[in-house]
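Engineer: Next input, structure requested:
(chains A, B, C and D)
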2 protein chains.
Amino acid sequence: MRPLRPRGGAADAASTRRALLEAGTAVFAERGFKGATAELIARRAGVNKAMINYHFRTKKGLYQAILTETLAALFTRLRAVRVDGRPAPEQLREFIAAFGDRAREHPAFPSMILREVLSGGEHLDRAIFGRMSAVFGLVRDIVAQGTREGSFRKVDPLLTHLSIVGALLFFFGSEPFRARVLAEVPIAKRAPRAESFVAHMQEAVTRGLAPDAPARRKR
Amino acid sequence: MRPLRPRGGAADAASTRRALLEAGTAVFAERGFKGATAELIARRAGVNKAMINYHFRTKKGLYQAILTETLAALFTRLRAVRVDGRPAPEQLREFIAAFGDRAREHPAFPSMILREVLSGGEHLDRAIFGRMSAVFGLVRDIVAQGTREGSFRKVDPLLTHLSIVGALLFFFGSEPFRARVLAEVPIAKRAPRAESFVAHMQEAVTRGLAPDAPARRKR
DNA sequence: GTCTATAGGCTGATAGAC
DNA sequence: GTCTATCAGCCTATAGAC
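Structural biologist: The predicted model follows:
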């Protein structure tokens, strides 16, 4: 709610751009593309409304710039889990943890991606599409490695990817909703923490993919 | 795209109402609350735009009526999995299957719920909140029963609920997006079918929750 | 680069005839 | 109950001063 770039920050073009990217991420995540007005984004960024059009041509231009940047950062972070050739279950645990890390650093990204997916990819260009399939490629490769190693049973990599990423996006995207529900209907003692969910997913997923024969080390 | 209520249907008040509820579900799911214009909904329903205000007072009134009806139907269907006291893993499999059934009968509901959750529950009243926590209550009870029976390890019921429902909502809500991605970037041979995903989730979840000691019957 | 003022388009809701 | 016509509000984008 409070504007970014208080009196401390240098008011040059680069910082205006950055303030708009950050404010845009938050407002698009909360309200969707249509619901996020230029006025709202500009106010939160602490810059003039017309700066959106100057720096990004249109509101959609700002939106796409944010999505491109967000997905690039996500993919870079996720790709790192494959670099050293550890066992597949460890890599999958790392994948889940890395996803959680990105979501904590950038709380608005799951909501933005989820909204975009729900719209059928209304605002996506080919480059963004490519980044998204690249994320699937990581999971597919980890699953294939695990099957080869005997640490995973034979599962469909796409279904596996959709269930993991779907659960993660939902958890992090629904945080504001859960906060509100818990305030009105005390369903649990306190709001679940992100690390708890990451740990839960790591356990549930690696156990869920483990082969029938108990041919894997415990602990 | 094609309007509901072709020349065959009786044009009385009840059928106008129903046509608006159905058309509204589809349009709200595709475009969100803001993106769904009264004009668009009315055209798809094959009725006059002003009928939205006559029958539901406002666009928001129509939206809430749809959500209330949708969630009531979902809860009724899901609650049935608890009636006879079968083992918890079977009940959880049934829960997942029932969720999939509802999504196939009503393809727009996961998208609508997901969008509403992402907005933090912008348009929800207390009754709808109650229905949502009731769904969690089902999962919580199944998990508690499974832990008691020894068929599940000790897991957090809320985290379990969020991961299951999140994955299901995402899968069914992202169907149009996946269709588009598969058309542009051939990631898999063909689009995954709903039944395959349901089966995948049933296996992954029950295996993921199984206790460490192999003290349960196989097959 | 940034700001003010405004044009131009779209949308939800209603008044009033039938 | 349904339809046509219309109005008032809001929102994106731009022109033009600085």
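Engineer: Give me the spatial nearest neighbour of A:Ile89, chain neighbours excluded.
Structural biologist: Wrong residue type there; residue A:89 is Pro, not Ile. Once flanking residues are discounted, A:Pro89 sits nearest to A:Thr206: 4.6 Å by Cβ to Cβ, 6 or more residues apart in numbering or on different chains. To be clear about C-beta, it is placed using only N, CA and C from the backbone, and glycine gets the same treatment.
Engineer: Return the residues in contact with the one you found.
Structural biologist: A:89, A:92-93 (Cβ atoms under 8 Å, 6 or more residues apart in numbering or on different chains).
Engineer: Report the spatially nearest residue to the residue in chain A that DNA strand C sits nearest to, omitting neighbours in sequence.
Structural biologist: Per Cβ to the nearest atom of the strand, A:Asn48 is where chain A lies closest to DNA strand C, at 2.7 Å. Leaving aside its chain neighbours, A:Asn48 sits nearest to A:Ala42 (6.2 Å; criterion: Cβ to Cβ, 6+ apart).
Engineer: and the gap between the one you found and DNA strand D?
Structural biologist: Distance of A:Ala42 to DNA strand D, computed by Cβ to the nearest atom of the strand, to the nearest Å: 9 Å.
Engineer: Quickly find the element holding that residue.
Structural biologist: helix A:38-45 (DSSP states H and E).
Engineer: rewinding a little: which ones among the contacts of A:Thr206 map onto helices?
Structural biologist: Cross-referencing the contacts of A:Thr206 against helices under DSSP state H gives A:89, A:92-93.
Engineer: Show the buried residues in those residues.
Structural biologist: Buried members of those, counted by 16 or more other Cβ atoms under 10 Å in any protein chain shown: A:89, A:92-93.
Engineer: Now do the helix or strand in which A:Gly137 is found: which elements does it pack against?
Structural biologist: Here A:Gly137 sits within helix A:126-149, counting by DSSP H and E. Helix A:126-149 is packed against helix A:59-79, helix A:88-105, helix A:157-173, helix B:175-184, with contacts defined by 3 or more Cβ pairs under 8 Å, 6 or more residues apart in numbering or on different chains; DSSP states H and E.
Engineer: ok, the residue nearest to A:Asn48 - contacts?
Structural biologist: Contacts of A:Ala42 (Cβ under 8 Å, 6+ apart): A:20, A:23, A:48-49, A:51-52.
Engineer: quick one: which of those residues is most hemmed in?
Structural biologist: Counting neighbours by other Cβ atoms under 10 Å in any protein chain shown, A:Leu20 comes out on top of the contacts of A:Ala42 with 27 neighbours.
Engineer: and that one, how far is that from A:Phe33?
Structural biologist: Separation of A:Leu20 from A:Phe33 (Cβ to Cβ, to the nearest Å): 15 Å.
Engineer: Could you do A:Glu203 as well?
Structural biologist: In this view, A:Glu203 and A:Phe33 are 36 Å apart by Cβ to Cβ.
Engineer: can you check A:Ala179 too?
Structural biologist: A:Ala179 sits 23 Å away from A:Phe33, taking Cβ to Cβ as the criterion.
Engineer: doesn't B:Leu118 make contact with A:Ser111?
Structural biologist: Yes: with contact defined as Cβ atoms under 8 Å, A:Ser111 reaches B:Leu118; the gap is 5.3 Å.
Engineer: okay, and the common contacts of these two?
Structural biologist: A:29, A:173.
Engineer: Where does pLDDT dip in chain A?
Structural biologist: Scanning chain A for pLDDT under 70 picks out the ranges A:1-2, A:5-11, A:213-219.
Engineer: show me what contacts the most centrally placed residue in chain A?
Structural biologist: By Cα atoms, centre = their mean, the mean C-alpha position of chain A lies nearest to A:Pro110, the distance being 3.8 Å. By Cβ under 8 Å, 6+ apart, A:Pro110 lies in contact with A:103, A:168-173.
Engineer: Report the two of those residues separated the most.
Structural biologist: With distances taken as Cβ to Cβ, the most widely separated pair in the contacts of A:Pro110 is A:Ala103 and A:Phe170, at 11.1 Å.
Engineer: so how many other residues sit close to A:Gly130?
Structural biologist: Neighbour count of A:Gly130, defined by other Cβ under 10 Å: 14.
Engineer: and what of A:Ser111?
Structural biologist: Around A:Ser111 there are 27 residues (other Cβ under 10 Å).
Engineer: Report the inter-axis angle for the one helix or strand it maps to versus helix B:157-173.
Structural biologist: Element membership for A:Ser111, per DSSP H and E: helix A:109-118. With axes from the mean of the first three to the mean of the last three Cα atoms, to 10 degrees applied, the angle from helix A:109-118 to helix B:157-173 works out at 30 degrees.
Engineer: For helix A:109-118, list the C-alpha coordinates in CSV.
Structural biologist: Only the C-alpha atoms of helix A:109-118 are listed here, as CSV (Å, rounded to 0.1, in the frame of the first residue of the first chain):
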residue,chain,number,x,y,z
PHE,A,109,5.0,-14.2,-8.8
PRO,A,110,2.9,-17.4,-8.2
SER,A,111,-0.3,-15.3,-8.3
MET,A,112,0.7,-13.6,-11.5
ILE,A,113,1.6,-16.8,-13.3
LEU,A,114,-1.5,-18.6,-12.0
ARG,A,115,-3.7,-15.8,-13.3
GLU,A,116,-2.0,-15.8,-16.6
VAL,A,117,-2.5,-19.6,-16.9
LEU,A,118,-6.1,-19.3,-16.0
